[in-house]
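Asker: coords please:
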Amino acid sequence: MSKRGRVLVAMSGGVDSSVASVMLHEQGYEVIGITMKTWDYASSGGSSKETGCCSLDSINDARALAVNYGFPHYILDIRDEFGDYVIDNFVDEYIAGRTPNPCVLCNTYIKWEALMKRADKLDCEFIATGHYANIRQHDNGRYVISKGKDENKDQSYVLWGVSQENLARTQFPLGHFTKKEIRQMALDMGQKELANKSESYEICFVPDNDYRAFLRHKVPTLDQQVGPGNFILSDGTVVGKHIGYPYFTIGQRKGLGIALGKPMFVIEILPESNTVVLGEEFELEKSSAYVTNVNIMKYDSITDPMSAITKVRYKDAGAESTIVQEGDKLKIDFIHNVKGIAPGQSAVFYEGNDLIGGGFLMK
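Answerer: A predicted model of the protein is given here:
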């Protein structure tokens, strides 16, 4: 075994995880590559060519790179686990009138656990992924994730749920690099095709990026179960009909199927009455929010009100706020109102570049 240790690297076949595996290999680690098959395109109802991290081409690309550099590569089929938890939750959340966060769920409950189980079987001290984030041990002994160097690619937002036990054995080789630098590394490796691979920003199991069609595919009777409902204004005035509340999200402006003479947004979803509330942009503003399923990473707990920058969406710039624990929930008070707080999405708290923790936004 290498003096640096043995590391299990999650390889999707893309440029990020491929370069991460080669970096660790060249640093003297004994690398073992693993590609997790989380879904198959046929079961998702997709109509176009299979693409993304679970396609046969991507799996073959990951394996070819491993063979080229002389380290083992395995395929791990976790479709049942992934489907039972992540996809079922995705459907259930929309039916409950919330907007799901499948990447967070997958990282927290599926990918890391699956990697750790296989790492133990293969006697790997560490696991590694191609996420753009950093990890270190804080002065208090706890492991903390911090933002990656590339602000446009930073993925700390989707990692708030990873446990201390798993963080202690995790490495993020790309955290101190930009995407441009990683693509150049791939070119320097002689991997031109890999360096120029396009990225997908879609949910991996909704490759057509049409979640409405996906919901109908998974629940064929959904339209009959829900049926049309009312669009109303915040004062209760009925202004039209919609196709069913699961097909809308907080903050949505386009694709409403109604014109009221001015830009209108979804400001609330009421599943119990199949009602979608519309309002003007300022009506999306909130001064506070509550979070559940909280995971505090940097500290043992939040005992007193604490200042933090809170992000309520992945591409959110973040807002000044105060966070405080209230029973099993955490309350966020924003210094300035924040728009588009969607129940089911993640709220993630930062202290400088460090991730304090996060949780799921409540109604």
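Asker: only C-alpha atoms for contact and neighbour calcs from this point on.
Answerer: Will do.
Asker: Please pick out the residue of the chain most distant from its centre.
Answerer: No residue in the chain sits farther from the centre than residue 237, which is 36.4 Å out by C-alpha atoms, centre = their mean.
Asker: And the pLDDT for the spatially most central residue of the chain?
Answerer: Nearest to the geometric centre of the chain sits residue 103, at 2.8 Å (C-alpha atoms, centre = their mean). Model confidence at residue 103, given as pLDDT, is 91.
Asker: Residue 135 is in contact with residue 144, isn't it?
Answerer: Yes: counting by C-alpha atoms under 8 Å, residue 135 touches residue 144, with 5.7 Å between them.
Asker: How many neighbouring residues does residue 108 have?
Answerer: When neighbours are defined as other C-alpha atoms under 10 Å, residue 108 has 18 of them.
Asker: So it belongs to a helix, correct?
Answerer: Yes: assignment of residue 108 by DSSP: H, G, I helix; E, B strand; the rest coil places it within a helix.
Asker: Excluding chain neighbours, what is closest to the residue nearest to the centre of the chain?
Answerer: residue 158 (6.4 Å; C-alpha to C-alpha, 6 or more residues apart in numbering).
Asker: my guess is the one you found meets residue 102, correct?
Answerer: No: contact criterion C-alpha under 8 Å: residue 158 and residue 102 do not qualify, at 9.3 Å.
Asker: And the strands in the stretch 151-300 of the chain?
Answerer: Using DSSP state E, counting those that start in this stretch, the strands of the stretch 151-300 of the chain run over 170-171, 229-233, 238-242, 265-270, 275-279, 285-296.
Asker: no no, the stretch 1-150 of the chain
Answerer: Under DSSP E, counting those that start in this stretch, the stretch 1-150 of the chain gives strands at 6-10, 30-37, 73-77, 126-128, 133-137, 143-147.
Asker: what's the spacing between residue 291 and residue 325?
Answerer: According to C-alpha to C-alpha, to the nearest Å, residue 291 and residue 325 sit 10 Å apart.
Asker: same deal with residue 76?
Answerer: Per C-alpha to C-alpha, residue 76 is found 39 Å from residue 325.
Asker: For those two, work out which one has more neighbours and name it.
Answerer: A count of neighbours by other C-alpha under 10 Å puts residue 325 above the other of residue 76 and residue 325, at 18 against 14.
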